[in-house]
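[1] Next one to model:
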Amino acid sequence: MVPRGEEKSRRVSGWIGATVVVLALVSALFTFLVLSGATPIAPVHEVVVGVFILNALLILALIVIVAFEAAVLIRARKAGAAAAGLHVRIVGLFSIIAALPAVLVAVIATFTIERGLEPWFSDRMRDAIFKSVEVADAYAAGQCRSLGREIRILADDLTRARPTYTVDRKWFDNFMTARATALGVPVAAIMSGPDNVLARANIDVLRDAPKPDQAAFDDAQSSPEPICVIPRTGRVFGALMKLPAYDNGFLHIAREVDPLAVEFPAVARGAAVEYLSIDARRKGVQIAFASMYGLIALILLLSAIWLGLSFANGLVAPIRRMIHATDQVSSGNFYVQVPIRRSEGDLAHLGETFNKMTAELRRQRDSLVTASEVIDKRRRFTETVLSGVSSGVLSIDSDGHITTINRSAESLLGTGGRLLGKPIEEIAPEVTEFVSEALHGRQRQSAGQVTLSRGGQDRMVNIRAAREGEGIGAGLIVTLDDITDLVSAQRTAAWADVARRIAHEIKNPLTPIQLSAERIKRRFGRVITEGKDVFDQCTDTIVRQVEDIRRMVDEFSSFARMPKPSLAQEDIVETVRQIVFLWRVGNPEMTIEESLPAEPATARFDRRLISQALTNVIKNATEAIEAVPAEERGGPGRIEVSLERRDDGRIVIDVMDNGKGLPADQRQKLLEPYMTTREGGTGLGLAIVGKILEDHGGGIELLDRPDAASGTRGARIRLWFPETGPAQDEESGDVAAQKGPSSSDQEMRNGIRL
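    Numbers count the residues shown, from 1 in each chain. Predicted structure coming up:
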């Protein structure tokens, strides 16, 4: 409630404020009309100053009234009145609505004046005025230079004719007249002072030309050069020069020039002075008009603030009650009720609606709190389970869009970015058919296997789906289990057992066969005369094929019984450099380049096994190059070997060639035993390389060349292992080998991260 004394003071201040606001608005309008010339009153200096003082007094009165209202508002805020903030917002709204047009008009008016005066006071206009002065001065200076040049010529001629001056005066006068006429000088005289003429040219032009004064003779006496005599009146320019040969006489010449040459410099200088005077007053005029526009804008702003304060006072009481009630509701008190006063109109209806709302909220709050607690418990349990399982789990709605997904599924799908809300056929097209059958089929649960291709590598996945409910609109819960590493480990173990058996069964008879063939050749080679070439060819073929079979069996044995790496601190850079050197010497027809760090890179690895792995890869690169005809390669065979020590602690070796390249599909199967695309290959080379890198805690990656998109043929094989060696020691490695592949082995295996 507002105290009675305060209410009375507000009523009095309201009347006073209304009166001052009306007077201020009328004064602002009058000021505008006077400045715009719409009244008989001319906007002279005295009128502008008077209007300025009147507006300033009214603004001061408005400031006092607004300050009083603001003080009341501040007291209300300090007392904790809820509607004080609304007061500020309404006042601010009115201020902005009034200030923006006022400020805009003031700015536009200021710029209009500026733009209107700018062309007359631009640099171009200023240059034109001052250049005219320079042009006038330059014309006069040009005339002086011309007279100076002519007086020097005439002075030289007269100096040479000095002997005739006293001997034959008539001849001298004719000579002087002829030279002056030739130079185009109508006035030429030898003088010893302003009134003493010793000799002159007899030319009937400018007989009454003005003579130099004594000051000009004094200047010529002290100057070694001719001086220019510019008259203050008239249009005759002259020059005066000392003639020592004539008893300290002086030569004076003169000619008429255009009258503008004398009159225009003074006119130009006067115009320039007047222009500078107007330019100096321009800022004052602009400041005066800008000040007036600012005062008018301030009057409008203060008037709007006062109107906003007055309007807000009428809304404060009912809205304050409403704000107080909403504060109570926000703090959890749903039992608060707003007092209703019918005289408040729409605000009273708002209060009734608010009371009904709080009653309804009170009933719903209790049920929602109970339901929320149950949902939170279930959500926390579900999130904990999904984040902890290694299998990928995702839910799909009836339209095939992903609604929930855990981290394992995101890692397995490996598309990057947010997957929620995206269709499954866009994220994993390989499972689209399975999901469609599971959604529209009759069975509630479905299972199968799919192959996911990510980054040029295939992963075998067990997929299971269960419908969330029956009927239209039921979604699916899909589970993804990556069994690629398990299948690969089983296949590798089976092939290793097969290799051991083949090596055992085949290797034993190879030596007797070879020895028997060699003995037959030695025993009967000298006896057989008919068909000896055929005999030698057959025995050599037997020996050669036995050697090939022995080599194949040795590779089987190497794959079946890979030696345990003997780890030591070695320089991997030097190891790679030696291998590259050997292959460069053995293949001079190919270009084998290396890109290795200049500094040694020490790592923990088995030098012999890593050398064997790199040798295998470079050997495959040379064979891939030889498989492509030279005309298709477009140049010589090229192998690039690079080594890099990554920030994550890995040693990465890349071998890149321009051979026939790698197949686009099923590329990772080349890492399996007995898989080869080369005629005569055993399919064990890359499998052995992969096993060596796996034993070092690393892996092998089969990649395309970086420039493969531009049509360049070739492949890139990447070998990598941690510079600190495998994470587990030899003993734990033996136990792991006996128990089979661990979960970490399943995450980093052939072709992906071996």
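
[2] how close does the residue in the chain sticking out farthest from the centre sit to Leu251?
    No residue in the chain sits farther from the centre than Val167, which is 96.1 Å out by CA atoms, centre = their mean. For Val167, the distance to Leu251 equals 20 Å [CB to CB, to the nearest Å]. C-beta here means a position set from N, CA and C on the backbone, and glycine is covered the same way.

[3] pretty sure Tyr293 is touching Val105, no?
    Yes. Tyr293 lies in contact with Val105 (CB atoms under 8 Å); the separation is 7.1 Å.

[4] higher neighbour count, those two?
    Tyr293 (22 against 15; other CB atoms under 10 Å).

[5] which SS state does that one fall under?
    helix (DSSP: H, G, I helix; E, B strand; the rest coil).

[6] Show me where the stretch 451-600 of the chain has its strands.
    457-467, 476-482, 568-571, 591-595 (DSSP state E, counting those that start in this stretch).

[7] any chance of those strands in a markdown table, with mean neighbour count and mean pLDDT too?
    A markdown table is the format used below for these (neighbours: other CB atoms under 10 Å; pLDDT from 0 to 100):
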| stretch | mean neighbour count | mean pLDDT |
| --- | --- | --- |
| strand 457-467 | 19 | 79 |
| strand 476-482 | 20 | 82 |
| strand 568-571 | 13 | 92 |
| strand 591-595 | 15 | 91 |
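
[8] closest to Leu420 out of those strands?
    Smallest distance to Leu420 across these (CB to CB): 14.2 Å, for strand 476-482.

[9] Check which helices and strands that closest one sits against.
    Packing partners of strand 476-482 (3 or more CB pairs under 8 Å, 6 or more residues apart in numbering; DSSP states H and E): strand 392-396, helix 407-413, helix 432-440, strand 457-467.

[10] Which neighbouring elements make contact with the second one?
    Other elements packing on helix 407-413 under the criterion 3+ CB pairs under 8 Å, 6+ apart are strand 392-396, strand 445-454, strand 476-482.

[11] likewise the first one?
    For strand 392-396, the packing partners by 3+ CB pairs under 8 Å, 6+ apart come out as strand 402-405, helix 407-413, strand 476-482.

[12] Nearest to Asp399, out of the strands of the stretch 451-600 of the chain?
    strand 476-482 (11.2 Å).

[13] can I get the helices and strands packed on strand 476-482 in CSV with distance to Val546?
    Shown next, in CSV, are the helices and strands packed on strand 476-482 (distance: least, CB to CB, whole Å):
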stretch, distance to Val546
strand 392-396, 52
helix 407-413, 49
helix 432-440, 52
strand 457-467, 39
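
[14] Relative to Leu480, how far out is Ser408?
    Distance from Ser408 to Leu480, by CB to CB: 8 Å.

[15] got it, and Thr622?
    On the measure of CB to CB, Thr622 and Leu480 end up 41 Å apart.

[16] What pLDDT is listed against Ile153?
    At Ile153, the model reports a pLDDT of 87.

[17] Need the nearest residue in space to it, chain neighbours excluded.
    Leu183 (6.3 Å; CB to CB, 6 or more residues apart in numbering).

[18] tally of neighbours for that neighbour?
    18.

[19] can you tell me which residues contact it?
    For Leu183, the contacting residues are 150, 153-154, by CB atoms under 8 Å, 6 or more residues apart in numbering.

[20] could you dump these to CSV with neighbour count and distance to Ala24?
    CSV is the format used below for the contacts of Leu183 (neighbours: other CB atoms under 10 Å; distance: CB to CB, whole Å):
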residue, neighbour count, distance to Ala24
Glu150, 21, 77
Ile153, 13, 82
Leu154, 23, 82
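
[21] Arg269: which of the residues you listed is nearest?
    Glu150 (28.3 Å).

[22] and the closest one, that's in a strand?
    No. Applying three-state DSSP, one finds Glu150 to be helix, outside a strand.

[23] What separation do you get for it and Arg179?
    10 Å.

[24] repeat for Asp482
    117 Å.

[25] same check, this time on Ser642
    On the measure of CB to CB, Ser642 and Arg179 end up 94 Å apart.

[26] Tabulate the contacts of Leu183 in JSON lines, adding columns for distance to Ser367.
    Shown next, in JSON lines, are those (distance: CB to CB, whole Å):
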{"residue": "Glu150", "distance to Ser367": "118"}
{"residue": "Ile153", "distance to Ser367": "122"}
{"residue": "Leu154", "distance to Ser367": "124"}
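
[27] what about the strand or helix carrying Ile63, distance to the chain center?
    Per DSSP states H and E: Ile63 is located in helix 45-78. Relative to the chain's own centre, helix 45-78 is displaced by 50 Å; criterion: CA atoms, centre = their mean, to the nearest Å.

[28] same for that helix, what does it pack against?
    Right, helix 45-78 is packed against helix 4-35, helix 84-117, helix 260-330 by 3+ CB pairs under 8 Å, 6+ apart.

[29] quick one: whatever helix or strand comes next after the last one to strand 392-396, angle?
    Going down the chain from helix 260-330, the next helix or strand is helix 346-388, by DSSP H and E. Angle between the axes of helix 346-388 and strand 392-396 is 140 degrees (criterion: axes from the mean of the first three to the mean of the last three CA atoms, to 10 degrees).

[30] Can you name every helix or strand that helix 346-388 contacts?
    helix 260-330.

[31] Ser436 - how many residues pack around it?
    That count, for Ser436 with other CB under 10 Å as the rule, works out to 13.

[32] For it, which non-adjacent residue is closest in space?
    Ser436's closest residue in space is Gly400 (CB to CB, 6+ apart), at 7.6 Å.

[33] Am I right that the one you found is in contact with His440?
    No. The criterion here is CB under 8 Å, and Gly400 misses it with His440 at 10.7 Å.

[34] higher neighbour count, the two?
    Gly400 (17 against 8).

[35] For Glu425, see how far away the more buried one is.
    6 Å.

[36] do Leu567 as well
    47 Å.

[37] ditto for Ala215
    Counting by CB to CB - Ala215 and Glu425 are separated by 108 Å.

[38] more neighbours, the two?
    Comparing Ala215 with Glu425 by other CB under 10 Å, the one with more neighbours is Glu425, at 15 against 10.

[39] Surely that one and Glu433 touch.
    No. With contact defined as CB under 8 Å, Glu425 does not count as touching Glu433 (9.4 Å).

[40] Output stretch 62-81 as CSV - backbone C-alpha positions only.
    Only the C-alpha atoms of stretch 62-81 are listed here, as CSV (Å, rounded to 0.1, in the frame of the first residue of the first chain):
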residue,chain,number,x,y,z
LEU,A,62,12.3,18.1,-16.7
ILE,A,63,15.5,16.7,-15.1
VAL,A,64,14.4,17.8,-11.7
ILE,A,65,10.9,16.2,-12.2
VAL,A,66,12.4,12.9,-13.6
ALA,A,67,14.9,12.8,-10.8
PHE,A,68,12.1,13.1,-8.2
GLU,A,69,10.2,10.2,-9.9
ALA,A,70,13.5,8.2,-10.1
ALA,A,71,14.1,8.7,-6.4
VAL,A,72,10.7,7.3,-5.7
LEU,A,73,11.4,4.3,-7.9
ILE,A,74,14.8,3.8,-6.2
ARG,A,75,13.1,3.9,-2.8
ALA,A,76,10.6,1.3,-4.0
ARG,A,77,13.4,-1.0,-5.3
LYS,A,78,15.3,-0.7,-2.0
ALA,A,79,12.1,-1.6,-0.2
GLY,A,80,11.8,-4.8,-2.3
ALA,A,81,8.8,-3.7,-4.3
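
[41] Tell me the buried residues in that stretch?
    For stretch 62-81, a neighbour-count test (16 or more other CB atoms under 10 Å) marks 62, 65-66, 68-70, 72-73, 76, 81 as buried.

[42] now do stretch 302-315
    So, applying 16+ other CB under 10 Å, buried residues of stretch 302-315: 302-310, 312-313.
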